[in-house]
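**Student:** Need a 3D model of the following:
(chains A and B)
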2 protein chains.
Amino acid sequence: MMRRDRIFLVTTLTAIFSADLYFILLPKLRIIRQQSGHLCSCGHKNFTLPRHGGLASPQLSNWTSAPPLDIITSEPDDGISKLERLFSHPLYNIQTPLLGPEERLLQAEHLMEYYRRKVSRWERHMKIYSGAAALSNITVIEHEVTFDPDASWVKFHLGINRYALYSRDDPAIPKLLKESQSMTVVSADYTQDEKALKGACDCTQVVKPSGHHLKLALKMQNFAKVMFKPMRQQRDEETPEDFFYFVDFQRHNAEIAAFHLDRILDFRRVPPVSGRLVNVTGEVLQVTHNEDLRGVFFTSPANNTCFFAKCLYVCKTEYAVCGNPDLLEGSLSAYLPGLSIAPRISIPNPWIRSYTFSGREEWEVNPFFCDTIKQMYPYNSGNRLLNIIDMSIFDFLIGNMDRHHYEIFTKFGDEGFLLHLDNARGFGKPSHDEMSILTPLSQCCMIKRSTLVRLQLLSRQDYRLSDVMRESLQGDLLHPILTETHLLALDRRLHKVLRVVQRCVRRLGEDEVITRDFVKSTSRPQTVTEMREVR
Amino acid sequence: MMRRDRIFLVTTLTAIFSADLYFILLPKLRIIRQQSGHLCSCGHKNFTLPRHGGLASPQLSNWTSAPPLDIITSEPDDGISKLERLFSHPLYNIQTPLLGPEERLLQAEHLMEYYRRKVSRWERHMKIYSGAAALSNITVIEHEVTFDPDASWVKFHLGINRYALYSRDDPAIPKLLKESQSMTVVSADYTQDEKALKGACDCTQVVKPSGHHLKLALKMQNFAKVMFKPMRQQRDEETPEDFFYFVDFQRHNAEIAAFHLDRILDFRRVPPVSGRLVNVTGEVLQVTHNEDLRGVFFTSPANNTCFFAKCLYVCKTEYAVCGNPDLLEGSLSAYLPGLSIAPRISIPNPWIRSYTFSGREEWEVNPFFCDTIKQMYPYNSGNRLLNIIDMSIFDFLIGNMDRHHYEIFTKFGDEGFLLHLDNARGFGKPSHDEMSILTPLSQCCMIKRSTLVRLQLLSRQDYRLSDVMRESLQGDLLHPILTETHLLALDRRLHKVLRVVQRCVRRLGEDEVITRDFVKSTSRPQTVTEMREVR
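**Tutor:** Residues are numbered from 1 along each chain as shown, chains lettered A, B, ... in the order given. As a prediction, the model looks like this:
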């Protein structure tokens, strides 16, 4: 394992060095050669470099700006798409080392055995259910079900490894997205989350919303399982300014867009999500075996089929969602492997928000909060804090304030990547950039070099984030997924992220801020802590 | 009392005869004189007479159309407003007989005694409360309170009589409307309805909404009491087509508009309502003595002051309403005299709707439902059924499907008028005319002659309902109260009411359908019942 790690480290460092050469050294050399007095000749309209005297060395200022024009034009406009060009860029083609069994989440034989048991349980259940349903005069449509060991969802599960949920060129992912959009749904049920509530609204927190969630688990003909979140808002509807983030709607298009963004950022920490027009009658009501779920369906005054969330005492008819008359847009997120074969733990985000009206968390009032966190396990070594910062950048870009917990696979331990699950509260306010989401970055002043170079690439005209996102989202059945204002907000926010990094570099120097990935020793965080003490 | 009744009967009959002469006989004579073959020369674009061979006598067809042009132009365009012209029309100037004490709701001495007791109770309460508040460090703004026996609200209460809530020319009503808009609010509390729930949501009915109501009782400096319903929707927002009427929002502008419409229809069965920008901080939060109410206030992310409905287990933050930052539009409805001095009873509407998703009431499936009702007390004699039909016309015009109960003052017994309270679910869908609301009219085929002649007048170009409503609503602080589409819907619906009456007349003849007011004997309903039996 150690040898493989070393190979991977070398590959990564080589890639980072080429990026460094391309983005940092080359422009520096150019500036020195030109001997020009001004620092920047940005082509961007919306992006101006902060010039108020900071600590940054002048040579560093230009890495958030576009590279000189001749570099841009030297790249041929070869007719291929920006998205394809992005994915063929060297930064997106770093070779992943060969994975040993301990670096994969699941063993093939183990998984097959698990699924075969599941299939036979399903078959037994269906036999019993069919008899009972016939007796109680319930008509449930029964579809043929076949378990295919080569199904794309099985390949997705087998591909999960210690570096990401899927590899860049895994053909199973586009296949999985496509199949989610068209495959026959054979059963529908509440998700485990909803079942855990047992009809009771969550009243442990005064202001916790309690009926916005209408997510369902759908099973496909080939045993694939997806989470269905129905459409609640029009694309151009915005979160009202008086809404707290925790009472905001969940948006199906935010789930879809978040998956595409995560892939473009090369994080690959969001399970595949695709959009689909679900027939709530034929694909939910008529295939569910859950009496409670059947009981929340009704026909609206406009003759549409609707269903609503049910709480112990209150029926949330106000939150009903309706088909037209049966078809309803929704996001379908691929399920991760079951917790019994791939356990995960859910950990509170150190930068968690207060879920009350007036409460404030420590990070909101203490500017040195990160220094405390840096000293605490598991943030005092390895990549965990850098992963949190990655996540905060991702959440800032999508405008998600609701990241109260994050999940990791227990198998990969503290070095594992963070799963970016549940992104439906993103993309609510396209004209507002919630800077507080970036607090982990601005307080810790650390970022992975590999993340930074990709962000820089995406801030350039020829790889512009909004353009590659627009193109990527066009692949979804429900496109357009995001309005133009949301797409343009991504560019604006990306520049704000880069500006925060730039300010950190000015203050602390590049070596302190831009961090090597896969740091294993505990030396680095200690250095940072010591540094604060001498500040 | 008998003599006074007789005088009133004579006056009413005289007025009705003049209306008859003007609307029915004169056009008939004109038609006979002209010997023209066609029945109608309507000037209205949107209104065409149904010509499919019915039972109606041809002479009757023209009373839903505009009178011949020379009659319209004979009325001088004297520069006075349409609304003033309406209120000076003979139909709106029928003399009310002098009222005896038994025809008034309240005796002045009795009422004064009652209010004086209330005032001293308030003063005692304030003394105790101030002391307690000081001890527990609550700052409540205390305003000077004075009880004025000549206050407009006292006059409104004293003016309530067996015919209506107020008389047409009572100067206390405009004064009351004006004072509601400007007078200092000295205290705020939940209404008795909300208190009765004691924080528990009403879960007796599966689909009953349970958090939309945020109405509050406000007390003014001169002891006037009003019910405040805050704005929940923009003027141009419509009820989504999939919403059942019982989960629809309550609209403050519907309350205001319903009062104006009721006055224009000359029913005078809606207590005065005016719009006001209420300062939710200074006029609610800082003057309430109710701890629970204080507890539902919060500051929104946009720094606005908001409050929400609270249920036993669930805090309905999703329904919060917010000021901007403190000012919030709302409707203020004058309170009726307390139940202890002027008891009322609430009676289920015979044409009540099912408050479940799929349930149907008998009237929806039985076209002869009215015949059953006509035989039942109290609908088998007097005006009660005609009053129900008046109410259904009013509700059809405003589009209110939520009239599950109606109230009457017990003092006036079965002959009393019906109060048209709680109209906030009107004006939800301007482009939809819910014909089922008119079922009492279309199934019973009866209407008061006095109601019909006013509806006919308001369908005419020179008294057009939308025009007089627009003008009337301009008097409110929060104008425009209704969008143009809502105003124009009133004209369209009015014509539909007249067409339903016309169809009844064709089928049963004018004498059966157009009914004298203030029928006392039981002969009429029996005749109708017998009539059905011989049909």
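**Student:** which stretches of chain A form strands?
**Tutor:** Remark: strands of chain A, listed N- to C-terminal, are A:185-190, A:216-220, A:225-230, A:273-279, A:297-299, A:305-310, A:315-322, A:327-334, A:344-348, A:405-409, A:447-448, A:514-515; assignment by DSSP state E.
**Student:** Comparing those by mean pLDDT, which bottoms out?
**Tutor:** Averaged per stretch, pLDDT over those is lowest on strand A:315-322, reaching a mean of 71.
**Student:** Off-centre distance for stretch A:138-152?
**Tutor:** Centre-to-centre, stretch A:138-152 and its host chain are 29 Å apart (Cα atoms, centre = their mean, to the nearest Å).
**Student:** end to end, how far does that stretch reach?
**Tutor:** End-to-end distance of stretch A:138-152 (Cα to Cα, to the nearest Å): 33 Å.
**Student:** Equivalent analysis for stretch A:344-361, please.
**Tutor:** Across stretch A:344-361, the straight-line distance between its terminal residues is 26 Å, by Cα to Cα.
**Student:** and it, which residues are buried?
**Tutor:** Neighbour counts using 16 or more other Cβ atoms under 10 Å in any protein chain shown place A:344, A:349, A:350, A:351, A:353, A:355, A:357 of stretch A:344-361 among the buried residues. From N, CA and C alone the C-beta is placed, and that goes for glycine too.
**Student:** ok, now stretch A:169-189?
**Tutor:** For stretch A:169-189, the buried set under the neighbour-count rule, 16+ other Cβ under 10 Å, comprises A:170, A:172-173, A:175-177, A:179-180, A:183, A:185-189.
**Student:** try stretch A:82-99
**Tutor:** Here stretch A:82-99 shows A:82, A:83, A:85, A:86, A:87, A:91, A:92, A:94, A:97 as buried, counting by 16+ other Cβ under 10 Å.
**Student:** Check the gap between the fourth one and residue B:224 for me.
**Tutor:** The span separating residue A:86 from residue B:224 equals 69 Å under the rule Cβ to Cβ, to the nearest Å.
**Student:** what do you get for the fifth one?
**Tutor:** Distance from residue A:87 to residue B:224, counting by Cβ to Cβ: 71 Å.
**Student:** picking up where we left off before, nearest to residue A:499, of the buried residues of stretch A:169-189?
**Tutor:** Relative to residue A:499, the closest of the buried residues of stretch A:169-189 is residue A:173; by Cβ to Cβ it sits at 33.0 Å.
**Student:** how about that closest one, what does it touch?
**Tutor:** When the contact criterion is Cβ atoms under 8 Å, 6 or more residues apart in numbering or on different chains, the partners of residue A:173 are A:152, A:156, A:166, A:272.
**Student:** cutoff 10 Å now
**Tutor:** When contacts are counted by Cβ atoms under 10 Å, 6 or more residues apart in numbering or on different chains, residue A:173 is found next to A:152, A:155-156, A:159, A:165-167, A:259, A:263, A:268, A:271-272, A:334.
**Student:** Could you find the closest non-adjacent residue to residue A:465?
**Tutor:** Nearest in space to residue A:465, with sequence neighbours left out and distances taken as Cβ to Cβ, 6 or more residues apart in numbering or on different chains, is residue A:458 at 4.3 Å.
**Student:** Now do the one you found against residue A:91, distance only.
**Tutor:** When Cβ to Cβ is the yardstick, residue A:458 and residue A:91 sit 10 Å from each other.
**Student:** So for these two, which residues contact both of them?
**Tutor:** Contact with both residue A:458 and residue A:91 is made by residues residue A:266, according to Cβ under 10 Å, 6+ apart.
**Student:** picking up where we left off before, quick one: which of the contacts of residue A:173 has the most company?
**Tutor:** Of all the contacts of residue A:173, residue A:259 has the most neighbours under the rule other Cβ atoms under 10 Å in any protein chain shown, reaching 28 neighbours.
**Student:** Was I right to think that one contacts residue A:270?
**Tutor:** Yes. Contact between residue A:259 and residue A:270 holds when scored by Cβ atoms under 10 Å: they sit 4.7 Å apart.
**Student:** quick one on the thing from earlier: I'd like the buried residues of stretch A:169-189 laid out as TSV, including distance to residue B:431.
**Tutor:** As requested, those are arranged in TSV below (distance: Cβ to Cβ, whole Å):
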residue	distance to residue B:431
A:170	51
A:172	50
A:173	46
A:175	46
A:176	44
A:177	40
A:179	42
A:180	38
A:183	40
A:185	36
A:186	41
A:187	40
A:188	35
A:189	39
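**Student:** Out of those, which is nearest to chain B?
**Tutor:** Taking Cβ to the nearest Cβ as the measure, residue A:188 is the one of the buried residues of stretch A:169-189 closest to chain B, at 19.9 Å.
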